[in-house]
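> Have a look at this prediction, sequence included:
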Amino acid sequence: MISMCKKGLRLGLIQLSVGANKANNVQNALKFVKKAKEGGSNIIVLPECFNAPYGTKYFPEYAESIPDGETSRALSAAAKEVKAYIVGGSIPERDGSKLYNTSTVWSPDGQLVAKHRKMHLFDIDIPGGITFKESEVLSPGNTPCIFDTEYCKIGIGICYDIRFFELAALYRKAGCDILIYPGAFNMTTGPLHWDLLARARAVDNQVFVAAVSPARDEKADYIAYGHTCAVDPWGKTLAQAGAEEELLFADIDFETMKNIRQQIPVSHQKRNDVYDLVVKSNL
Ligand SMILES: NC(=O)CC(=O)C(=O)O
């Protein structure tokens, strides 16, 4: 089936079941990539940590280099085969002695066009809820990540990055119309914060937001919330998963976005005489 979108594009969002076997995770992802393409997707998105269980004790064992690791090679070949962009969720990346939580973006001809290393590491401590410290093993990325397509510019963040409105605002300021966040919120923060943050980033920047989670696995050390979603610039949820493995589609209509930006012209009404967003790294 080819895309129905005349004035936009179709996102295919894969809420993938992730287990302990890396090869199985990658094979399962590729199966869903093909289904996403059959459903007319132009840009296909996988979740955070899609080739490995999410947890600091797993990152060193599953980490691989980019772009010559096995997962990168598989994503490159898949993008070329289905002739669509693939935002490869994230994987644990090894670069020298350092590890990162890294998202790769592959063009329809299989080229690596962008790479985002999670900038804000997930270090939290909620007594009776969840304690997690990515910084025990991971290093943060220091560079925001935008990739340009024939449709629009797209900004990438990974999971905890969505909590930092400055990064999203910076992407909007740099001309992005879609923000994509592979993520894996949990059962403590997810129920109240996941949808709220996706909708907030969409409304405050008048952009489309896609947040893509692994499916929930009650037996995992870290139980992902799921609820992959796509939201439009009005804050309307275009597609939303439950907890199970699922492929979702969301049609991006740029006319809607233009209308909303005209009707509520906040981007022109900013009081940059009073405040401003200072960009310190090169976009
Ligand atoms: N896992 C994350 O990076 C973020 C998260 O679960 C949260 O912010 O809550």
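That came through, no problem. Everything numeric in this text was worked out from a predicted model, so none of it was measured. Numbering: from 1, shown residues only.

> so who does the residue in the stretch 1-150 of the chain that the ligand sits nearest to touch?
Here the residue of the stretch 1-150 of the chain nearest the ligand is F122; by C-beta to the nearest ligand atom that distance is 3.4 Å. For glycine as for every other residue, the C-beta is placed from the backbone atoms N, C-alpha and C. The contact partners of F122, by C-beta atoms under 8 Å, 6 or more residues apart in numbering, come to F132, K133, E134, C159, Y160.

> Go again with 7 Å.
F132, E134, C159, Y160 (C-beta atoms under 7 Å, 6 or more residues apart in numbering).

> G55 now?
Applying C-beta under 7 Å, 6+ apart, the residues near G55 are D221, Y222.

> Per-residue pLDDT of it, please?
pLDDT, G55: 97.

> just K7 next, same as before
K7 is given a pLDDT of 66.

> Look up phi and psi at the residue of the stretch 1-150 of the chain closest to the ligand.
When quoted as degrees, to the nearest 10, the phi and psi of F122 stand at phi -80, psi 90.

> and R73, that one's in a helix?
Yes. R73: assigned to a helix according to DSSP: H, G, I helix; E, B strand; the rest coil.

> near the ligand, which residues of the stretch 1-150 of the chain show up?
F122 (C-beta under 6 Å from any ligand atom).

> And the strands in the stretch 1-150 of the chain, which stretches?
Secondary structure of the stretch 1-150 of the chain (DSSP state E, counting those that start in this stretch): strands at 8-15, 43-45, 85-87, 91-95, 98-106, 112-117, 123-126, 130-133, 145-148.

> what's near enough to touch D217?
Counted by C-beta under 7 Å, 6+ apart, D217 has contacts S17, I223.

> sec struct for it, please.
Applying three-state DSSP: D217 is coil.

> For M257, see how far away it is.
Per C-beta to C-beta, to the nearest Å, D217 is found 35 Å from M257.

> And for G175?
If you go by C-beta to C-beta, the gap between G175 and M257 works out to 13 Å.

> and what of G242?
The gap separating G242 from M257 is 27 Å, by C-beta to C-beta.

> So the two - more neighbours on which side?
M257 (21 against 11; other C-beta atoms under 10 Å).

> Help me confirm that that one is found in a helix?
Yes. Counting by three-state DSSP, M257 falls inside a helix.

> list the contacts for it?
M257 is in contact with D177, Q206, P233, counting by C-beta under 7 Å, 6+ apart.

> can you rerun that using 8 Å?
D177, Q206, V207, F208, D232, P233.

> Next: V105.
Contacts for V105 (C-beta under 8 Å, 6+ apart) come out as Y85, I86, V87, G88, L112, V113, A114, K115, H116, C145, F147, I156.

> V45 versus that one, what's the distance?
10 Å.

> now swap in N101 and tell me
Note on N101: its distance to V45, by C-beta to C-beta, is 16 Å.

> how deep is the closest residue to G183 other than its chain neighbours tucked in, by neighbour count?
Leaving aside its sequence neighbours, G183 sits nearest to C159 (C-beta to C-beta, 6 or more residues apart in numbering; 3.7 Å). Look at C159: counted by other C-beta under 10 Å, it has 27 neighbours.

> thought C159 was touching Y181?
Yes. Using C-beta atoms under 8 Å, C159 makes contact with Y181 at a distance of 6.6 Å.

> outside of the strand or helix carrying A202, which residues touch it?
A202 belongs to helix 190-205 when assigned by DSSP states H and E. Applying C-beta under 8 Å, 6+ apart, the external contacts of helix 190-205 come out as 162-163, 165, 168-169, 171-172, 179, 181, 183, 185, 207-209, 211, 213, 224-227, 229, 231-235, 237, 240.

> I158 and I180 touch, don't they?
No. With contact defined as C-beta under 8 Å, I158 does not reach I180; the gap is 9.6 Å.

> those helices in the protein, which residues are they?
22-38, 59-62, 70-82, 165-173, 190-205, 254-263, 266-269 (DSSP state H).
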